[in-house]
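Peer 1: Sequence and predicted structure below; questions after.
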Amino acid sequence: DTGVSQDPRHKITKRGQNVTFRCDPISEHNRLYWYRQTLGQGPEFLTYFQNEAQLEKSRLLSDRFSAERPKGSFSTLEIQRTEQGDSAMYLCASSSWTSGNDEQFFGPGTRLTVL
Amino acid sequence: QQQVKQSPQSLIVQKGGISIINCAYENTAFDYFPWYQQFPGKGPALLIAIRPDVSEKKEGRFTISFNKSAKQFSLHIMDSQPGDSATYFCAAPGGSQGNLIFGKGTKLSVKP
């Protein structure tokens, strides 16, 4: 049983560049979540998918952010025109959601540094 | 917007002691309250979770106590070990669809 995997683990970019992260959930998990975590804070919800449908987006997800899960399996999170404030750990989680049961399992995260 | 308040911010415990971390939430569409453990540079790992058809759940040295009327729940770590030194996060459902709202975390240090 493999857990949630994320790629890359670290990304350093210059302000204004675009970056894309990938998340591979636990197989057969129908839900996939993206969170952002800054130093000393808990994860903050960004968006989630049930299968290929993006069902909710946080107000934290500005127009520069876009997420996809085209075949209901892996997901990508793209940040366009990166800003220094985007520097954070981007976490992906997956779950096999049923009503009232949502055990979310997190990946190791992608650490983004915007210079 | 749901808020989860977690305390204390940091905690130092002697090896063998009991670590207690508290959380309070405002409202929730359904009852599911997990605790996560996070080591530096790693993603959060699900530690234990409770659905409050019970007021307490125990798994090994870890126990969640839940007080629905007070909208509070706590994590107790019995016989704390240096390997338990990590940051612990409580969470509560943020809406009807299951995204989690996390507390700000408690950094636990267990001294040998």
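Peer 2: Structure received. Numbers count the residues shown, from 1 in each chain, chains lettered A, B, ... in the order given.
Peer 1: Give me the most central residue, chain A.
Peer 2: The central residue of chain A, meaning the one whose C-alpha is nearest the mean C-alpha position (C-alpha atoms, centre = their mean), is A:Trp34 at 3.1 Å.
Peer 1: Looks like that residue contacts A:Thr47 (just checking).
Peer 2: Yes - contact criterion C-beta atoms under 8 Å: A:Trp34 and A:Thr47 qualify, at 5.2 Å. Bear in mind the C-beta positions are built from the backbone N, C-alpha and C, glycine included.
Peer 1: Kindly point out which residues are neighbours of both of these two.
Peer 2: By the contact definition C-beta atoms under 8 Å, 6 or more residues apart in numbering or on different chains, A:Trp34 and A:Thr47 are jointly contacted by A:Ala67.
Peer 1: Briefly note if stretch A:38-45 comes near chain B.
Peer 2: Yes - Stretch A:38-45 lies in contact with chain B when judged by C-beta under 8 Å from any C-beta of the partner chain; the contacting residues are A:40-45.
Peer 1: for that stretch, how far is the first residue from the last?
Peer 2: End-to-end distance for stretch A:38-45, by C-alpha to C-alpha, to the nearest Å: 12 Å.
Peer 1: Give me the buried positions along that stretch.
Peer 2: Neighbour-count burial for stretch A:38-45 flags A:42-45 (criterion: 16 or more other C-beta atoms under 10 Å in any protein chain shown).
Peer 1: ok now that stretch, how far from the chain's centre?
Peer 2: Its chain's C-alpha centre lies 13 Å from the corresponding centre of stretch A:38-45 when counted by C-alpha atoms, centre = their mean, to the nearest Å.
Peer 1: got any ranges where chain B has weak pLDDT?
Peer 2: Low-confidence regions of chain B, defined by pLDDT under 70, span residues B:1, B:29-30, B:96-98.
Peer 1: What residues does chain A have near chain B?
Peer 2: If contacts are counted using C-beta under 8 Å from any C-beta, the residues of chain A sitting beside chain B are A:4, A:31, A:33, A:40-45, A:48, A:55-56, A:58, A:91, A:95, A:97, A:99-109, A:111.
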